[in-house]
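Engineer: Fold the following.
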Amino acid sequence: MKSSGRKSFRRKADESGIVRHEKRVLDLCLDSIEFCPFAKDLGFDSDVFACGMYQLDEKKKMKYGGIQIYSVTPTQTPDKKEDKVSNSINPTLKPKPDRDTPALSLSEHGKRQNTSAIFDLKWCPFPVGSHNHVLLAQATEDGYLGIYRMKSKTSAPALTPERRSGKIQAETESNVETESNGETETESKTEGETESGSPLELLTNQEVVKGGKPCLSLDWSGSPNSYKVMVSQGDAHVSIWSLDVGRGQVSETARWLAHEIDEVWICAFDLKSNHVVYTGGDDCTLKTWDTRSTKKPNVTCGVHDAGVTVISPCPTRENVIATGSYDEKIRLFDSRNMYRPMHVYESGGGGIWRIRWQPEHSGVKGPDRILAACMRAGFQVVALDENNLKMGLVAQYKDHTAPGVTPLAYGCDWGKMDRNLIASCSFYDKQLHLWHSLTV
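Structural biologist: I've put the predicted structure just below:
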């Protein structure tokens with residue numbers, strides 16, 4: 001992070017190794033956080049992330065959402081006061097009490113992109129095309145897969161209309177509240193179109209599921225130049241879509257019935273083989289598939305006691321896959337034996353909605369760490385024993401609170417430039433937090 005020439009205020013870690021930076025309360029419910037892996041290539045000096053939103057307007061019986069891009073910047077002056085919140089730690093993994101970090105704050109980068117209600121966001125894991133475009137995909141409640149190009153910090157030139165010729169949904173309108181002379185006004189915004197002032201440029205918005213069923217999650221293939229996106233659906237199916245970068249369109253390459261209950265909560269590509277994929281559903285099963293023949297799964301694992309909500313292959317340990325479930329457990333599997341987990345971790349009261357492996361940085365040693373969004377049990381940082389991979393709690397972040405509301409910890413991610421930086425968001429209380437976990 002470049003210096004601004006002024007001395008930055010620094011914050012000390014508490015007894016659990018957590019450093020709190022900023023808390024915001026937004027106007028919509030939040031459920032997804034994704035740090036951009038190519039912020040530096042886009043001209044940013046520090047981390048940038050996308051925040052996805054999902055709002056239900058009960059009076060009008062409609063759902064809508066948005067994507068806001070945030071950049072992380074140093075804070076030059078100390079806060080007047082800092083909240084002190086007790087956090088649980090694992091005594092076998094004690095933090096260094098002298099650790100501190102420059103104080104950080106959030107800045108909106110451009111205007112909010114109005115969308116349908118968002119279930120999932122994912123950045124493409126590699127730059128795309130000859131111009132190295134940075135792409136962000138969304139899965140929405142109305143059954144669409146949307147793909148955006150992120151503009152550079154200095155506003156990269158827009159793509160030509162011919163290259164943005166993908167199907168754009170413009171049928172539903174969402175309501176966005178704005179302040180004007182102290183009064184609240186309602187503006188009508190068309191979903192799917194690129195917002196003026198938004199750093200996101202819509203390439204395509206493709207209908208994936210019909211009949212009012214949602215797209216529940218998505219994943220990009222980890223193979224460069226393949227440009228494939230897999231979508232788990234609310235009609236018991238999974239589909240795979242191939243992106244034509246030049247035309248800005250997606251085409252379906254596979255679709256199959258994956259589970260016995262409508263909600264296929266999660267899907268993931270294997271990191272080694274582009275033909276191997278994993279799915280998890282509300283039928284409590286975890287399945288392994290070969291996309292060259294999807295008449296039946298290669299493996300069906302039935303050890304979960306509730307719906308499977310997240311599947312995350314480890315980027316640093318070959319054959320290690322983590323899953324999360326409504327049964328409040330994180331399980332580690334060996335991909336060569338998906339019938340029985342190697343180890344199980346219990347969150348202590350909250351279903352697991354998202355799992356994030358801490359990014360690997362060259363020259364940084366320490367145990368692998370998992371950041372987990374544990375719904376009613378807050379956000380937890382879990383470390384793996386380097387010898388036997390057993391999981392232990394490092395820190396529990398429970399600052400997402402609001403009077404009269406039971407927040408659900410849904411969205412979280414590690415920074416890409418600063419591997420100890422964390423952004424988290426929660427449903428119902430509409431809160432977005434920025435913090436560090438400095439235990440390792």
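Engineer: ok, R336 - contacts?
Structural biologist: When contacts are counted by CB atoms under 8 Å, 6 or more residues apart in numbering, R336 touches N319. Where you see a C-beta, it was placed from the backbone N, CA and C, and this is true even at glycine.
Engineer: Give me the pLDDT value at the closest residue to G43 other than its chain neighbours.
Structural biologist: Spatially, and ignoring its direct neighbours in sequence, G43 is nearest to K153 (3.5 Å; CB to CB, 6 or more residues apart in numbering). Here, the pLDDT recorded for K153 equals 91.
Engineer: measure K153 to R255 for me?
Structural biologist: Distance of K153 to R255, given as CB to CB, to the nearest Å: 38 Å.
Engineer: residue ranges with poor pLDDT in this protein?
Structural biologist: For the chain, applying pLDDT under 70 flags the ranges 1-10, 76-100, 156-196, 362-366, 439-440.
Engineer: if we go to 80?
Structural biologist: Regions of the chain meeting the criterion pLDDT under 80 cover residues 1-16, 76-101, 155-196, 225, 361-367, 439-440.
Engineer: what sits against the residue nearest to G43?
Structural biologist: By CB under 8 Å, 6+ apart, the contact set of K153 is L42, G43, F44, H109.
Engineer: And for H400?
Structural biologist: With contacts defined as CB under 8 Å, 6+ apart, H400 is in contact with G378, F379, P407, A409, S424, S426, D429, Q431, H433.
Engineer: Please name the nearest non-neighbouring residue to it.
Structural biologist: S426 (4.2 Å).
Engineer: What values do phi and psi take at that neighbour?
Structural biologist: phi -140, psi 150 (degrees, to the nearest 10).
Engineer: what about P313, neighbour count?
Structural biologist: Close neighbours of P313, defined as other CB atoms under 10 Å, add up to 22.
Engineer: Would you confirm that it contacts S335?
Structural biologist: Yes: counting by CB atoms under 8 Å, S335 is a contact partner of P313 at 7.4 Å.
Engineer: Now do the shared contacts for the two.
Structural biologist: With CB under 8 Å, 6+ apart, P313 and S335 have common neighbours D270, V320, I321.
Engineer: Could you pull up the residues touching the second one?
Structural biologist: Contact criterion CB under 8 Å, 6+ apart gives P313, C314, L332, F333, D334, S335, L389 as the residues in contact with V320.
Engineer: Show me which of those is closest to D57.
Structural biologist: Nearest to D57 out of the contacts of V320 is P313 (CB to CB; 37.1 Å).
Engineer: Please determine how far that closest one is located from W353.
Structural biologist: Taking CB to CB as the measure, P313 falls 18 Å from W353.
Engineer: Compile the contacts of H400 into TSV and extend it with columns for secondary structure and distance to W357.
Structural biologist: TSV is the format used below for the contacts of H400 (DSSP: H, G, I helix; E, B strand; the rest coil; distance: CB to CB, whole Å):
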residue	secondary structure	distance to W357
G378	coil	19
F379	strand	15
P407	coil	24
A409	strand	17
S424	strand	16
S426	strand	21
D429	coil	26
Q431	strand	24
H433	strand	20
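Engineer: coming back round to it: who's in contact with the residue nearest to H400?
Structural biologist: The contact partners of S426, taken as CB under 8 Å, 6+ apart, are L30, H400, P407, L408, A409, Y410, G411.
Engineer: so what's the third one up against?
Structural biologist: Residues near P407 by CB under 8 Å, 6+ apart: H400, T401, S426, F427, Y428, D429, Q431.
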